[in-house]
Structures are given as structure tokens and as C-alpha cells.
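[1] Quick one, structure for this:
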Amino acid sequence: MSSDPEQEYFSDGITEEIINALVKIPGLSVPARTSVFGFKGHQGDVRQIGQQLNVAYILEGSIRSQSNQVRITAQLIKVDDGFHLWSETYDRQLDNIFVVQEEIAASISKVLVGALDVGVATVPNKTVNMEAYDTYLHGRALLRERDPEAMDVLERATQLDPSFAPAWAALALAYQVRGYYVLSGVEYQEKAKQTARHALTMDPDNVDALDVLASAMRDTWHWAEAEEIFDKALAIDSQSTELLEDVSEFFCAVGRITDCLEVGKRGHELDPNFFPLTRNYIDALIMTGSIDEAAGLMQQELRSGYSDSLLETGPISIIGNKTMLALLTGDVQTAISEFNKFQPSEAYKPVKAAALKVLAGTADKNDLDALKAVDYEKYLNIGWYSFSIEGYMLAYAGESDHLIDAAIYFAERDQWSHLFSAWFPSWNTVRSNPRFQEVLEIYKLPEYWDETGWPDYCQRVDEERIICE
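    All right, here's what the predicted structure looks like:
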């Protein structure tokens, strides 16, 4: 609550900080941010909320800020009977905000698991510059929305307090994310690496900075270095769903599908509402042939309204996913029926017509040429193109050379993202094409596999030849 509605990012940020503080207390298991924030502002019975979150206690409260004054109220409620175990109101100056966060964490710890051990730092990396902290929280909020302005805001936070490691880590993430959303994004990835390393000079165990550094290494195809840094981050915090999302993407990209499945499953169990991680888990299930389980999770995803499979210039969501589900289970007639519901733009109608003929098995050269004619420059990476209408249908039709050309096109523009589309069942004809070795070598996967072991799909025949299936 605030006199300025635009400062909602501040209360959201403090809530997230308190969650992170509670997570550090031994003996407490706390739901992830994405699950918790689904109930923000909810006026329902806390017992029902507790049951949906599968927790025994609910911490609820409010933050009211004005100028340099802040009032935080907090109350701990037992889910099974709705009784309050503890409540407190804090009226403080803004520069005492970290003390309040620690007091809340310590009070809850005392009620539930006993006093905190000496030396437990529930709120590390504090800053004495409250303007820097406020700017950092604002930048984090923009970053969650993938707003490019996050870079400018977080740069200002680091200028206001050059010793504030979390701000540097968040800025590194802003650079890394920006590199994902532009073609030839290697400049941003290099800035992400440099900034993450700077954050780590101040806090060598900052998991966010380690995650960004590893992800930027992954995004520039330094696979072995990325794996080493991911391992270090996981050793510090194996419960971070953002970290698990990035690790699962890494394993899927390099063809280590069993590892991708294990990490995706672990992350999904920790936070079933974190859709990017759930999507990785679904992908790994499809790659390993667990189609029914993947279909069940995808149906849940469809009901949630989140989906991005089969793109035109944007999501056609439910139609696209239902089409894919039907094809994965071999039900071509249902796939045709679902895809017929798609209402494309006028310019895209020839693509829809050609795609329907591919599904019906009646496509000729003109139909395939119509699918190939769509310019894949409008897609940011090979994954987006692979799951576009034209990309997916060309894979279904066995047009492997065109898809290999597309993969090379994106590689030349420094884009790897969702390279793991190569390990989907729809790409089996692409993998078996001798030219697929070109793709692997451009993305530097054979040298990584020579060092760590080869995946099930591919093997080295000799120094010159690789075969995949």
C-alpha cells in the first residue's frame, strides 16, 4: 500500500526479499515467488490459500511507504485453524528496512523452528544507500517484465552504490536477457559476463551472478565452462527455480536429455507455477518419449492460459499446442481439426493452407515452397523458428535441408537459444541428415561431447565423421 500506486514494485520487492530471507532458515520450506505472488491482494480465506500452496502457515502483511517513512505489518497464521501465532507492526525510517526484514525472519523462526543460529545472515549484501536499493527494486520489477528500460535503471543503481553486489548481478541479468531478444546479441552477452564477474568480486557466492555468468557462457557456446559454473551455483542453492530453469535449458541444448528431465522435474516439483521451467520439463518428457505425461502437463498449461508453441508472428497458443499434442500421439485428424481453428492474417493464409496439406499428406512442391518462403528473419532464434507453423510443418514433412540452413543462419547471428529443438521427435529426419554434422560443429557440441561424453542421439565414428539418429 502506498500513496503512489506506481511504487508497487517496492512492496513486491520487499516481499520477495522476505521470502528469500525465510528460505535461508534451516527447517523452513517456503514456496517460490511465482506461486506466492499469485495470491497477492487476495481477500479469500487464508486456510484455502494455505491448502492450495500446500503449506502449514501463511505469512501475510502490508507495506505502506511515504517519503522516508515505512510501516510494515506482518502476521503469521496457522492454516488448519486460521489462528494468529504472531503479529507485529513496524514503523521505521526507510534506512532500517533491512533490520525489519531480519526481525520478521527471526520472529517467525523463533515461533516455528526456534531461535536463529548465531551467524545466520538472512539478508546479505545490504546497502546503506536507500536510493540505490529503491532503484534496484524498481529495476528488478522491470526485468521480470522483460522491459529493456531495466538496463538503464539497474545501471543507475550500480552508480548510486558501486559496492552493492545484487544490483550488479541484476544488471548482468538485464544484459543477458537483452542478448536473447536481439539478433547478433553477443555484445550483450559479453557485457553480461563482465558485469557478473564484477558482482562476484564483491560476493563470490552470489547465485544470481553465477547463474547469469553460466547462462551467458551457454549462450555463447562455451558449454564446458557453463557447466562448471552452473555446478558451483547449484552447490550454493539447489532450490532456486530460476537457476534450475537455466540448467535444464543447458542440458537440453547439449543433448543430455536425461539430465534435462531430472532437473526439470525437480524444478517443477518446487514450483509448478513457474511456466518457463514447466515448459522445459514438458520438452524433456517429449524428447524421452513420455508423451502421455507431457500431454497431461501441457493440458494444465493450456488451462492456465500460458503457451507459446507454433508461432506466426506471435502465439496462437491453445490451437498450436493442441495441434502439437495430437501429432505427438499420432492423431492426425484431430491435429487437422484443431489447426483449422487458426485464423491467420491475410498474408499468412497461404501458409495455413500449405500446412493443412502437409498434415493431410497431400502437399506438393508448391506447398513446401510456400512454407519455405516465409522469412525466418522475423524469428529471434532457432527455437522460435522450429516451433513456428512453417518450421514445425517442414520438419513434419521431412524437409531437413531447409531446417539445417535455418539453424546455420541463426548460428551465424550468434543465436543458439532452444537449440534443443534438435532433439525433438519432429527433427528425426534432420538429425539423420549427414549435413546435421555442420550444425553440431558450428555450435561447438562435438568438442564438448569429446570431453564429457556423447549423448544417446549422436556418436563419433572417427575424427572426421559423426552420425546421429
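[2] quick one: residue 344 and residue 350 touch, right?
    No - taking contacts as Cβ atoms under 8 Å, residue 344 lies outside contact range of residue 350: 9.1 Å. Backbone N, C-alpha and C define where each C-beta goes, glycine included.
[3] State the distance from the residue nearest in space to the middle of the chain to residue 177.
    The centroid of the chain falls nearest to residue 276 when counting by Cα atoms, centre = their mean (4.3 Å). According to Cβ to Cβ, to the nearest Å, residue 276 and residue 177 sit 12 Å apart.
[4] next one: residue 41
    For residue 41, the distance to residue 177 - Cβ to Cβ - is 27 Å.
[5] And residue 384, by the same measure?
    15 Å.
[6] got it, and residue 420?
    The gap separating residue 420 from residue 177 is 19 Å, by Cβ to Cβ.
[7] Please apply the same query to residue 379.
    For residue 379, the distance to residue 177 - Cβ to Cβ - is 17 Å.
[8] So between those two, which is more surrounded?
    Just comparing residue 379 and residue 177: by other Cβ atoms under 10 Å the higher neighbour count belongs to residue 379, 23 against 20.
[9] The more buried one: what's its closest spatial neighbour, skipping adjacent residues?
    residue 385 (4.1 Å; Cβ to Cβ, 6 or more residues apart in numbering).
[10] With residue 240 instead?
    Closest to residue 240 by Cβ to Cβ, 6+ apart is residue 207, at 5.9 Å.
[11] go on, residue 163?
    Nearest to residue 163 is residue 202, by Cβ to Cβ, 6+ apart, at 6.3 Å.
[12] Backbone dihedrals for the closest residue in space to residue 395 that isn't next to it in sequence, both of them.
    With Cβ to Cβ, 6+ apart as the criterion, residue 395 has its nearest non-adjacent residue at 4.3 Å, and that residue is residue 426. With angles defined as degrees, to the nearest 10, residue 426 sits at phi -70, psi -20.
[13] roughly how far apart are residue 426 and residue 386?
    8 Å.
[14] One more: residue 31?
    33 Å.
[15] ranges for the strands of this structure?
    Assigned by DSSP state E, the chain shows strands spanning 57-66, 69-78, 84-93, 458-460, 466-468.
[16] Just put the ones you listed in TSV and tack on mean pLDDT and mean neighbour count.
    Shown next, in TSV, are those (pLDDT from 0 to 100; neighbours: other Cβ atoms under 10 Å):
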stretch	mean pLDDT	mean neighbour count
strand 57-66	87	17
strand 69-78	90	18
strand 84-93	90	14
strand 458-460	95	15
strand 466-468	95	18
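[17] Correct me if wrong: residue 232 contacts residue 209.
    No - assessed by Cβ under 8 Å, residue 232 is found out of contact with residue 209, at 10.8 Å.
[18] If you count surrounding residues, which of those two has more?
    For residue 232 versus residue 209, neighbours defined as other Cβ under 10 Å are more numerous around residue 209 (30 against 15).
[19] Contact partners for the nearest residue to residue 451 once chain neighbours are set aside?
    Spatial nearest neighbour of residue 451, chain neighbours left out: residue 224 (5.9 Å); criterion: Cβ to Cβ, 6+ apart. Applying Cβ atoms under 8 Å, 6 or more residues apart in numbering to residue 224 gives the contacts 448, 451-452.
[20] from those residues, which would you call buried?
    residue 448 (16 or more other Cβ atoms under 10 Å).
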